[in-house]
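Asker: using only what follows, build the 3D model:
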Amino acid sequence: MTTHHPDDLLLQRYARGDDIEADALWAVESHLETCAPCRGRLAPDPIAAQAWTDLKPLLDRTPQMPPARSWLRRVSHWVSPVAGPWLAMIVLVTATAVALDQLGAVARGQISLVLLVAPVLPVVGVAVSWGRAMDPAYELTAATPRAGLPLVFRRTAAVLAVVVPALLVASALTGASLTGWLLPCLAFTTATLALGGLVGVPRAALTLIAAWAAGIVVPTIALSRTSVAFHEAATPVWAGVLALGLIVISLHRLAFTRLNR
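Answerer: Next comes the predicted model:
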């Protein structure tokens, strides 16, 4: 890229469909949206130019959709269109876990349901942040210049911004240990994205939730004692999972730009 416009070599690679780094690809496509001279450099076509000349007056007279409100545009950059009901469901599950904890419904209060569900609650929201299985507008979103891992991170951050405060309130009400669920929560979220780059985010989320239920939730309730996964001794393990997830995400960051994810 030059100071203002893509150089000829980069435009040629873009026109051929070569594998271009995600940040450079985003920069080129964003620039082409607003720069007619560079679009002309990319594909000089007299037929297309004449068609545009004929269409432009008609487009100018065509009624346009009213611009979206500025706060709606900002929200759309961070939240999946289908995330609302899922986030509401996560908050409802958290409230239900608090109510059951207060009633002592499981093992006479010896086991905190908030602690059991907290690590995987964000995974439910992350599952709908990126993937054709959950988002009916996925293909449109994936085709935009700003799609890919940055958008996935923004939507994941939006999920955490809702779920983590709800869990903080829940842990304060029930006495659940903050250190017992916060690091596992972040580790599971990162692991979902890491595995999602290989098999798809929804599928990765379902796999990790099933593994958590079978390996931690069921044995904990059956044995009526808190799993070692929530003890301080497990902190280095969760930190390692978090670090490993970040490494895998960085190695497979381009996977989120593909339509098959």
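
Asker: tell me the gap between the helix or strand hosting residue 122 and the middle of its chain.
Answerer: Assigned by DSSP states H and E, residue 122 falls within helix 121-127. A distance of 9 Å separates the centroid of the chain from that of helix 121-127, by Cα atoms, centre = their mean, to the nearest Å.

Asker: mind starting the numbering at 21 from now?
Answerer: Yep, numbering from 21; the last one is helix 141-147 now.

Asker: that helix packs against which elements?
Answerer: Under the contact criterion of 3 or more Cβ pairs under 8 Å, 6 or more residues apart in numbering; DSSP states H and E, helix 141-147 touches helix 103-123, helix 169-194, helix 198-219, helix 221-232. The C-beta positions use only the backbone N, C-alpha and C, and glycine is treated the same way.

Asker: how distant is the third one from the center of its chain?
Answerer: When you say that, I think you mean helix 198-219. Here helix 198-219 shows a centroid-to-chain-centroid distance of 12 Å under the convention Cα atoms, centre = their mean.

Asker: any regions of the protein where pLDDT drops low?
Answerer: Counting by pLDDT under 70, the chain contains low-confidence ranges at 21-23, 63-72, 75, 79-103, 124-130, 150-158, 160-166, 277-281.

Asker: let's go with 50 and repeat that
Answerer: Flagging of the chain using pLDDT under 50 yields the residue ranges 21-23, 91-92, 127-129.

Asker: re the thing from before, now the helices and strands packed on helix 141-147 as CSV including distance to residue 74?
Answerer: CSV is the format used below for the helices and strands packed on helix 141-147 (distance: least, Cβ to Cβ, whole Å):
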stretch, distance to residue 74
helix 103-123, 42
helix 169-194, 36
helix 198-219, 45
helix 221-232, 43
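
Asker: so which of the ones you listed is nearest residue 36?
Answerer: Across the helices and strands packed on helix 141-147, residue 36 has its closest neighbour in helix 169-194 (23.5 Å, Cβ to Cβ).

Asker: buried stuff in that closest one?
Answerer: 169, 171-173, 175-176, 178-180, 182-184, 186-187, 190-191, 194 (16 or more other Cβ atoms under 10 Å).

Asker: ditto for stretch 112-125
Answerer: 113-114, 117-118, 120-121.

Asker: cool, and stretch 255-268?
Answerer: For stretch 255-268, a neighbour-count test (16+ other Cβ under 10 Å) marks 258, 261-262, 265, 268 as buried.

Asker: those in helices, which ones?
Answerer: 258, 261-262, 265, 268 (DSSP state H).

Asker: farthest-apart pair in the residues you listed, please.
Answerer: Most distant of these, by Cβ to Cβ, are 258 and 268, 15.6 Å apart.
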